[in-house]
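Enquirer: What follows is a predicted structure for the sequence shown.
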Amino acid sequence: MRGNTTSVVRAGLSRGWIEYRQSFTSGQDLFAYFGISAIFVTIAYFQQDADLPEASQVSNGALMVVGTLGFLLTIAGLMSVAQVLATEREDGTLLRAKSVPNGMLGYLVGKCVHILLITVTNLAIVLVAALVLIDGVRMPGAAGWATAAWVLVLGLLATAPLGAICGSLVSNPRTAPSLLMVPIMGVTMASGVFFPITFLPEWAQTLGQVFPVYWLALGFRSVFLPEAMVAAEIGESWRHLETAGVLGAWALVGLVVAPFVLRSMARRESGSRVEAARQRAMQRAV
């Protein structure tokens, strides 16, 4: 049994790597990698001459581009996972995975690897451009990179299960981005992703700290902005312990709830349901 599970995990890892490589042959995926990243970096570049009085150590551009790391991680964990899951439920991929022994395990491992790799790619593109083009973004040392790594991992663990839950509830994969973008943008603005949250009213600060996106942005600011910027944060602290605690709590809740939701969704899948979904998709295309 253990050997069978190991082989399934290996197959999932291989599948995730293959899907990642194939993404470089898709114009849509290439735009997601380079186009969206270029838009954020370009806006940040032209914001370098604008300073916030309360954060005069760095420009708006530096604050924005570092906040972009947290925003893109949130988008990857929530929106990308939800859209992929909804799409592959409609086209029958999920049903095929369900029909083979341990197929769902291999499917989930493959998706985790794929999402992790595309997220790291997106963040790396933005970060390299920021270090070269944006004044005020610092190159961290070994401890800083270690912090960035655990923020990345905990961030994906906190957001990806939520994306899976959302994807299981969305019937039309084409509506997933529009349905999720509005609440994501609302939470982003309330969480001070592109600027320290202390610039917001106290009620907004309290609300923003409930969600993972605030802690993702805070974690990345602690790594890539000058140490003096800690004065603009709540309690004049980067609050790494609280960051790990909140992200870990969201991850725990998501990892407990998501499997039940996914199993329930998988049990409902059948050939007739997939065919009906395909017919609806064809009608929408026409």
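Expert: Ah, there it is. Numbers count the residues shown, from 1 in each chain.
Enquirer: average pLDDT for the helix or strand encompassing A251?
Expert: A251 belongs to helix 240-268 when elements are defined using DSSP states H and E. For helix 240-268, the mean per-residue pLDDT is 87.
Enquirer: buried stuff in that helix?
Expert: Using 16 or more other CB atoms under 10 Å as the test for burial, helix 240-268 gives 243-244, 246-247, 250-251, 254, 258, 261-262, 265-266. The way it works is simple: take the backbone N, C-alpha and C, and place the C-beta from them, glycine included.
Enquirer: so after the longest helix along the chain, what's the next helix or strand?
Expert: The helix that spans the most residues within the chain, counting by DSSP state H, is helix 103-133. Following helix 103-133 in sequence order, the next helix or strand is helix 142-169 (DSSP H and E).
Enquirer: other SSEs contacting that following helix?
Expert: With contacts taken as 3 or more CB pairs under 8 Å, 6 or more residues apart in numbering; DSSP states H and E, helix 142-169 sits against helix 60-75, helix 81-90, helix 103-133, helix 176-190, helix 212-224, helix 240-268.
Enquirer: residues in contact with L30?
Expert: Under the criterion of CB atoms under 8 Å, 6 or more residues apart in numbering, the neighbours of L30 are 23-24.
Enquirer: pLDDT of the strand or helix carrying it, averaged?
Expert: If you go by DSSP H and E, L30 is part of helix 27-30. Across helix 27-30, the average pLDDT comes to 78.
Enquirer: So the residue nearest to V58 when sequence neighbours are not counted versus T121, what's the distance?
Expert: Leaving aside its sequence neighbours, V58 sits nearest to G136 (CB to CB, 6 or more residues apart in numbering; 3.6 Å). Per CB to CB, to the nearest Å, G136 is found 24 Å from T121.
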